[in-house]
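> Prediction below, plus the sequence it came from.
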Amino acid sequence: GAVVSQHPSWVICKSGTSVKIECRSLDFQATTMFWYRQFPKQSLMLMATSNEGSKATYEQGVEKDKFLINHASLTLSTLTVTSAHPEDSSFYICSAYTEKAVLNTEAFFGQGTRLTVV
Amino acid sequence: AQKVTQAQTEISVVEKEDVTLDCVYETRDTTYYLFWYKQPPSGELVFLIRRNSFDEQNEISGRYSWNFQKSTSSFNFTITASQVVDSAVYFCALLEYGNKLVFGAGTILRVKS
């Protein structure tokens, strides 16, 4: 089945720096990708919808200037956490799928990135 | 708006017991997909099952079984003869046609030996 690869799987950064997380669809083209955030012991909350060739759509309460999303190609979306602070520490997961992928694949979530800001 | 409710926050069972995780969903669409995922401590989401809205057949896969009932908008998950390795957080999720995937709050399952 199709696979979504997310990198890095974990990252530790200093407060004030920026961190980029990549999400790639390995064997299918994803016009739409999604970024989720998960706080400890909580559910996955959708942050934004990333559309290839256009601006991302952010969910209410998510700072677009803080979480920059770029969907440069049909197989790559990036999430950049700018000027990271300790409260940005979280588990970030991307998802990529097309209608066909939904029907035919089991794995359209990335492995997740655990971000720790110190 | 679509919504997924997993009323059970945490369940503890003793190994070999059967356990059912509840999932109730809300949607206005007639075409949608329901999913169950397992999230072990490593954090990665492990796909368990996908069911589309037109297929109400119950499914069994080894010790896992799922009961999909559109009449009650429920998609419950049962683990038979639970094992310690089943300990994880389990998420039910709903995908409407052309829309985004919405997750329930998750149920923490603790299986004790």
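Great, that's in hand.

> I'd like the average pLDDT over stretch B:91-98.
Mean per-residue pLDDT for stretch B:91-98: 84.

> List the buried residues of that stretch.
For stretch B:91-98, the neighbour count (16 or more other Cβ atoms under 10 Å in any protein chain shown) marks B:91-96 as buried. C-betas here are computed from N, CA, C, even on glycine.

> number of nearby residues for the residue in chain B that chain A sits nearest to?
Here chain B gets closest to chain A at one residue, residue B:47, 4.1 Å apart by Cβ to the nearest Cβ. Neighbours of residue B:47 under the rule other Cβ atoms under 10 Å in any protein chain shown: 15.

> filter the buried residues of stretch B:91-98 down to the ones near chain A?
B:91, B:95 (Cβ under 8 Å from any Cβ of the partner chain).

> As JSON lines, the buried residues of stretch B:91-98 with secondary structure would be great.
Output for these, formatted as JSON lines (DSSP: H, G, I helix; E, B strand; the rest coil):
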{"residue": "B:91", "secondary structure": "strand"}
{"residue": "B:92", "secondary structure": "strand"}
{"residue": "B:93", "secondary structure": "strand"}
{"residue": "B:94", "secondary structure": "strand"}
{"residue": "B:95", "secondary structure": "strand"}
{"residue": "B:96", "secondary structure": "strand"}
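
> Select, from the buried residues of stretch B:91-98, the two members most distant in space.
With Cβ to Cβ as the measure, no two of the buried residues of stretch B:91-98 lie farther apart than B:91 and B:96, at 16.7 Å.

> and residue A:91, what does it touch?
The contact partners of residue A:91, by Cβ atoms under 8 Å, 6 or more residues apart in numbering or on different chains, come to A:37-39, A:112-115, B:43.

> So which bits of chain A are right by chain B?
A:34, A:36, A:38, A:41-44, A:46, A:49, A:91, A:93, A:95, A:99, A:102, A:106-107, A:109, A:111-112, A:114.

> just the buried members of those?
A:34, A:36, A:38, A:43-44, A:46, A:49, A:91, A:93, A:95, A:102, A:107, A:109, A:111-112, A:114.

> Tell me which of these fall in strands.
A:34, A:36, A:38, A:44, A:46, A:49, A:91, A:93, A:95, A:114 (DSSP state E).

> Quickly name whichever of the residues you listed is closest to residue B:2.
Out of these, the member with the shortest distance to residue B:2 (by Cβ to Cβ) is residue A:46, at 11.3 Å.

> residue contacts, the closest one?
With Cβ under 8 Å, 6+ apart, residue A:46 has these contacts: A:34-36, A:59, B:100-102.

> for residue A:16, same thing?
Counting by Cβ under 8 Å, 6+ apart, residue A:16 touches A:83-85.

> got a winner among the residues you listed for most neighbours?
residue A:84 (22 neighbours).

> Would you check that that one makes contact with residue A:19?
Yes: between residue A:84 and residue A:19 there is a contact at 5.7 Å, judged by Cβ atoms under 8 Å.

> Check the contact lists of the two and give me the overlap.
With Cβ under 8 Å, 6+ apart as the test, residue A:84 and residue A:19 both reach A:13, A:115.
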